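*Asks:* Structure, please.
(one chain, ligands or ions: 1)
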Amino acid sequence: MLAWQGLGHRYAGAGQSIRYADFALRGGRHLLLRGASGSGKSTLLALLAGLLRVQQGSLEVAGTDLTALGPRELDAWRGATLGFVPQRLHLSDALTVAGNLALPALAAGQRADPARAAELLEALDIAALAGRRPHQLSVGQAQRVALARALMRRPRLLLADEPSASLDDEHTVHMLALLLDAAEREGCTLVVASHDARVVEALGARDDVSEVVL
Ligand SMILES: Nc1ncnc2c1ncn2[C@@H]1O[C@H](COP(=O)(O)OP(=O)(O)OP(=O)(O)O)[C@@H](O)[C@H]1O
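*Replies:* Have a look, this model is predicted:
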């Protein structure tokens, strides 16, 4: 499902490369990327998402060799394969919740899929919020909307960057359950990047989650 060898990344102007130990994730398992601040979690997520080009080594994601794709192919691949729940949710306040869920398809030049949006809002228990704007939502509700948006195009891989940032203990447990349930229901692989001890403890206790420590 996911594998890399000799993978590294060097930012322009940075002295040293970030190097990642070789790794492969079997199908049917989820992944926790953990490590201290600055250890390279966000960089690895960006590589997995095809947002950063592979400079060193090889990287296969969901059966695709990312080093073989040009920029346009990478864009198409990302839209069709990945769902991303970023640390800052980036919901558009100019649009309703339903409008935000239409964005991934519109950005890809496709028609919006209101039936899919309604199905996800229902599954995430926020159907009543479809007409609200993001600033009218609680933090937990906004995270569910971001999760629904990430799932709109039926991704094979669901990436979550620091999903517990700014959440209390109760919301953290709840958010992890939502991510795992969604991955289960949608049949996709979940990758969580976090340095939060609560997340590490909760995911580390599961036998279907592998860990990469950076
Ligand atoms: N755009 C950039 N240009 C130069 N260096 C960068 C850039 N982005 C990140 N870095 C550096 O690369 C290293 C890894 O950063 P990264 O953001 O991947 O770490 P992280 O583990 O996600 O950290 P955090 O938990 O604090 O978000 C750090 O030393 C950081 O300073």
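*Asks:* For the protein, what lies in contact range of the ligand?
*Replies:* 11, 14, 18, 35, 37-43, 195 (C-beta under 6 Å from any ligand atom). C-beta: built from backbone N, CA, C; applies to glycine.
*Asks:* Dump those to a markdown table, plus pLDDT, secondary structure and neighbour count.
*Replies:* Shown next, in a markdown table, are the residues of the chain next to the ligand (pLDDT from 0 to 100; DSSP: H, G, I helix; E, B strand; the rest coil; neighbours: other C-beta atoms under 10 Å):
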| residue | pLDDT | secondary structure | neighbour count |
| --- | --- | --- | --- |
| 11 | 96 | coil | 12 |
| 14 | 87 | coil | 9 |
| 18 | 96 | strand | 18 |
| 35 | 93 | coil | 16 |
| 37 | 88 | coil | 7 |
| 38 | 90 | coil | 11 |
| 39 | 93 | coil | 15 |
| 40 | 95 | coil | 20 |
| 41 | 95 | helix | 21 |
| 42 | 92 | helix | 18 |
| 43 | 95 | helix | 19 |
| 195 | 92 | coil | 18 |
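*Asks:* So which residue is smack in the middle of the protein?
*Replies:* Using C-alpha atoms, centre = their mean, the residue of the chain that lies closest to the mean C-alpha position is residue 159, 1.7 Å off.
*Asks:* Let's verify it: helix, strand, or coil?
*Replies:* Following DSSP: H, G, I helix; E, B strand; the rest coil, residue 159 is assigned to strand.
*Asks:* And stretch 182-190, what's buried?
*Replies:* Of all the residues in stretch 182-190, those buried under the rule 16 or more other C-beta atoms under 10 Å are 182-183, 186, 188-190.
*Asks:* thinking again about what came up before, so the residue nearest to the centre of the chain touches residue 191, yeah?
*Replies:* Yes: between residue 159 and residue 191 there is a contact under C-beta atoms under 8 Å: 4.9 Å.
*Asks:* got any residues that touch both of those two?
*Replies:* Common neighbours of residue 159 and residue 191, counting by C-beta atoms under 8 Å, 6 or more residues apart in numbering, are 45, 48.
*Asks:* Return the per-residue confidence for the residue nearest to the centre of the chain.
*Replies:* Reading off the confidence values, residue 159 has pLDDT 97.
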